[in-house]
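Peer 1: Need a 3D model of the sequence below.
(one chain, ligands or ions: 1)
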Amino acid sequence: MRNLFTSGRPFRLVPYFFLLSLLLMAGATVLMAGYLRHYSSEQLLKLEKSRAASLMQIFENSLWADFRPLLPLAKDPAKLKQVAGQPRLREAVIRLMSGTDVIRVKMYALNGVTLFSTDPKQIGEDENDDEGYRHASAGTPASELVHSHSIDAFERTLTDRDIISTYVPMHDPAGKIEGVLEIYLDATSFVVDSDRQLRWVTLAICALMAVLFLAQMLVVRLAGRIIDRQAAALSETNRELDNRVAARTSELANANVRLKGEIQERRRAEERLDHLAHHDPLTGLPNRLLFQKRLSRALSVPNLPAYKLAMLFIDLDRFKDVNDTLGHFIGDQLLNAVAARLADGMRAEDMLARLGGDEFICVLENIANRDVAADVAGKLLALFQQPFCINGNDLYLSASIGISFASHDGADVDTLLRHADIAMYAAKSAGRNRCQHYTPQMSAEAEQRVVLERQLRQALENDEITAHYQPQVNAATGRLVGAEALARWRHPTLGMVPPSRFIPIAEECGLIVPLGDQILEKSLRQLESWRRDGFELPSISVNLSTRQLERQDFPQHVARLLQRYQLQPSDLELEITESVIMEADNAVNILAELRALGIRLSIDDFGTGYSSLSYLRQLPVQVLKIDRSFILGIGKGGEAIVHAILALSSNLGLETVAEGVEEPYQLEFLRAAGCHVIQGFLYSRPLQEEAFASDWRERLHTPAHP
Ligand SMILES: Nc1nc2c(ncn2[C@@H]2O[C@H](COP(=O)(O)O[C@H]3[C@@H](O)[C@H](n4cnc5c(=O)[nH]c(N)nc54)O[C@@H]3COP(=O)(O)O)[C@@H](O)[C@H]2O)c(=O)[nH]1
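Peer 2: Below is the predicted model:
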């Protein structure tokens, strides 16, 4: 709002007030002076009127009788002049008025004719037009003040005079007006006095007004300065305020911009958090949480028909080996590549999620029938036929898939997931790289595994686990060079439980540590026992699991056992698979400690893992066992691989053991190729200690060929 202080033009109070006040005061002074003048002349006239009335009374009493006879002559002016002009009358009047201020007397008849005048020239003149005369003839005395430069008085001429002429009615004895008397009074002295007084009074008023004006001006000027200062201060304050408001507005605008930015940033952060909370950071696929939410929603449809929604549980085969041998960086890249390939192979409406590790879930909604799920699973498995190129290396991989159907195999997320997992496990057990539909039988088997675990625990407590021994024969000489101790479990009711059944369970539940310890101690005790009996078996091989190798005191434990049974470290060979070495924490150091003790170390199932050759060179191993799968290839085109492994082993300065040799041609090939030791059913199955001793005691020194 624009006002005095904000309009930009300061209000000039003093000049405005000066002008206005001057005008008002001058006006007031003029009015007051005028009024005083008017009042004093009124007073003067009033006074003169009363004096005239008194003089009239005197005149009426003294002389009117002499003049009354003139009244009839008013109709005849000539005659009137003659009669009224008589000096006698004039002198009588002058005599009567002498000593007074009266300078002229006139009388009028009621017809307006001048009946008498101390100036004889005026006798007979008509005064009808005179206002004073008209008022007096009507009964009202009237006075008027005039200034005369020159007037004839009784006996002289007066100059510059203020004259008051007063008209008063003359009455007959009955009180009836019969004429008018006009008396001229010289009021000059009064007027001069009055004017002088009036001048003084006016001067006093002017002085008072001037003082008042000056006082006002001082006050107003002072007030003006104060107002100016306040206005300036106010204006400054306003400016400051405006500046502050502008600055604050700008700050607020900036803050608003920042706030908007922060809100957007927060929204983005929330979206990121939400995305992180619901997605796998490695592959970007939905994670377990999002998968559960979406599946719960899909399952909440009432009366969902069977075989309309399928869940595919995908687990990569031997992925752990990749991770362990090639490292997590390659493993992560491989998982990413797998996720991308799986996503490409699926319909947009299907959901692919990563549960963690190498486990993926695929949910197929609105499928036509049960076969569709198997078809999709087949397509997904086919995606693995091509290698994954990671860091320039072609990696071959397969997957196992378990399938469960909503309604049919479970109504909720957990049940469906558990059953798909069980089916996947069955696919793995059946040889991997395949898919399996869930069946209740699988659950039964899973339960059996739980039962078996409990029974295995009891078996260990009851010392039901024994060791059987399989001979190892020098390929060139046919002499017995050692034996591999293999765990055997004869259950009181189940009978013989194969190691392929209970060893994986023992590894899963951790029972492999006490089991491995028992086999190790029993083998060493047996070796010591045989030697006491004169059966000088050169050495004994024992399998080692990841969990055992992870025990930091394992080398000391082995050393104590060797000492207990008075054996040399070289009497013992420990077999470790590539995956065991890769899986176990600190494996290389533990192996180094074992080697430092003098214990022989052997790489078991060589060729099935992913260990790199450079890594192999660093291991303190002395023996390399060629996996049975390669031996099976002999005679079937797989000889080159066996040659390569033997050459590698030779280059590394390792002894080579071929396991799973069943056929004579395999033996012939291996012997010709330079393999050092043969182990397999061709020579013997694993045997109980007595059988082993009785069968092989003699063959220590005598070459024994099958
Ligand atoms: N950690 C431990 N693992 C152990 C222990 N005892 C056994 N095992 C491992 O269990 C797997 C199965 O063993 P098993 O059924 O005893 O099979 C062994 C041999 O019987 C078998 N073999 C030997 N020769 C032949 C043959 O000519 N044909 C044929 N079909 N099978 C044959 O090979 C198994 C020996 O394998 P390996 O140990 O790799 O030399 C097996 O992986 C065992 O390692 C234990 O105490 N601890």
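Peer 1: CA atoms for contacts and neighbours, from now on please.
Peer 2: Will do.
Peer 1: State the helix or strand in which residue 249 lies.
Peer 2: Per DSSP states H and E, residue 249 falls inside helix 188-278.
Peer 1: Check which helices and strands that helix sits against.
Peer 2: Packing contacts for helix 188-278, counted by 3 or more CA pairs under 8 Å, 6 or more residues apart in numbering; DSSP states H and E, involve helix 13-62, strand 157-171, helix 288-299.
Peer 1: what about the ones you listed, which gets the closest to the ligand?
Peer 2: helix 288-299 (33.6 Å; CA to the nearest ligand atom).
Peer 1: Check which residues of that closest one are buried.
Peer 2: Residues of helix 288-299 classed as buried: 288, 290, 291, 292, 294, 295, 298, 299 (neighbour count, 16 or more other CA atoms under 10 Å).
Peer 1: could you point out which element follows that helix?
Peer 2: strand 310-316.
Peer 1: Check which helices and strands that next one sits against.
Peer 2: strand 359-364, helix 370-382, strand 399-405, helix 413-429.
Peer 1: Quick one: residues contacting the residue in the stretch 301-450 of the chain that the ligand sits nearest to.
Peer 2: Distance from the ligand to each residue of the stretch 301-450 of the chain (CA to the nearest ligand atom) is smallest for residue 429, at 14.0 Å. By CA atoms under 8 Å, 6 or more residues apart in numbering, the contact list for residue 429 is empty.
Peer 1: Over to residue 411?
Peer 2: residue 299.
Peer 1: Phi first, then psi, for it.
Peer 2: phi -100, psi -10 (degrees, to the nearest 10).
Peer 1: Quick check: the residue nearest to residue 667 when sequence neighbours are not counted vs residue 537, distance?
Peer 2: Spatial nearest neighbour of residue 667, chain neighbours left out: residue 661 (6.7 Å); criterion: CA to CA, 6 or more residues apart in numbering. Separation of residue 661 from residue 537 (CA to CA, to the nearest Å): 21 Å.
Peer 1: ditto for residue 317
Peer 2: 39 Å.
Peer 1: residues from this structure in reach of the ligand?
Peer 2: When proximity is defined as CA under 6 Å from any ligand atom, the chain approaches the ligand at 486-487, 498-500, 503, 516, 519, 543-545, 604-605, 659-662, 680-681, 686.
Peer 1: now those residues: which count as buried?
Peer 2: Applying 16+ other CA under 10 Å to those flags 486-487, 503, 516, 519, 543-545, 604-605, 659-662, 680-681, 686 as buried.
Peer 1: Mind checking which of those are in strands?
Peer 2: Cross-referencing these against strands under DSSP state E gives 486, 487, 543, 604, 605, 659.
Peer 1: For residue 177, grab the count of nearby residues.
Peer 2: Counted with other CA atoms under 10 Å, residues neighbouring residue 177 total 18.
Peer 1: re the thing from before, would you point to the one among the helices and strands packed on helix 188-278 that's packed deepest?
Peer 2: The highest average neighbour count among these, using mean count of other CA atoms under 10 Å, belongs to strand 157-171 at a mean of 21.
Peer 1: Please tell me how far the helix or strand just after that strand is from the chain's geometric centre.
Peer 2: As assigned by DSSP H and E, the chain's next helix or strand after strand 157-171 is strand 177-186. Between the centre of strand 177-186 and the centre of its chain there are 110 Å (CA atoms, centre = their mean, to the nearest Å).
Peer 1: Note down every partner strand of strand 177-186 and its orientation.
Peer 2: According to DSSP bridges, strand 177-186 has the following sheet partners: strand 102-109 (antiparallel), strand 157-171 (antiparallel).
Peer 1: Can you add mean pLDDT and give the ones you listed back as TSV?
Peer 2: Listed next are the strands paired with strand 177-186 as TSV, based on pLDDT from 0 to 100:
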stretch	mean pLDDT
strand 102-109	87
strand 157-171	86
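Peer 1: where's the helix or strand containing residue 579 relative to the chain centroid, distance-wise?
Peer 2: Here residue 579, judged by DSSP H and E, is contained in helix 578-583. Relative to the centre of its chain, helix 578-583 is centred 50 Å away, using CA atoms, centre = their mean.
Peer 1: got the contact list for it?
Peer 2: Contacts of helix 578-583 (CA under 8 Å, 6+ apart): 321, 324-325, 545-546, 587-588, 603-606, 608-611.
Peer 1: Convert stretch 504-514 to CSV, retaining C-alpha atoms only.
Peer 2: These are the backbone C-alpha positions of stretch 504-514, laid out as CSV (Å, rounded to 0.1, in the frame of the first residue of the first chain):
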residue,chain,number,x,y,z
PRO,A,504,26.4,-86.8,1.8
ILE,A,505,24.0,-86.8,4.8
ALA,A,506,26.9,-86.9,7.2
GLU,A,507,28.5,-84.0,5.3
GLU,A,508,25.3,-82.0,5.3
CYS,A,509,24.7,-82.4,9.1
GLY,A,510,28.3,-82.3,10.2
LEU,A,511,28.5,-85.9,11.3
ILE,A,512,31.3,-86.4,8.8
VAL,A,513,33.8,-85.0,11.4
PRO,A,514,33.2,-87.8,14.0
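Peer 1: which residues touch residue 181?
Peer 2: Counting by CA under 8 Å, 6+ apart, residue 181 touches 56, 105, 106, 107, 108, 166, 167, 168, 169, 170.
Peer 1: hey, what's it bridged with?
Peer 2: Beta bridges link residue 181 to residue 107, residue 168 when assigned by DSSP bridges.
Peer 1: so how far is the ligand from it?
Peer 2: As for residue 181, its distance to the ligand is 169 Å (criterion: CA to the nearest ligand atom, to the nearest Å).
Peer 1: Look up how far residue 90 lies from that residue.
Peer 2: Applying CA to CA, the value for residue 181 to residue 90 is 14 Å.
Peer 1: For residue 593, which non-adjacent residue is closest in space?
Peer 2: Nearest to residue 593 is residue 555, by CA to CA, 6+ apart, at 6.4 Å.
Peer 1: Ramachandran angles for residue 495?
Peer 2: Note on residue 495: its backbone torsions stand at phi 80, psi -150 [degrees, to the nearest 10].
Peer 1: Run through the bridge partners of it.
Peer 2: residue 491.
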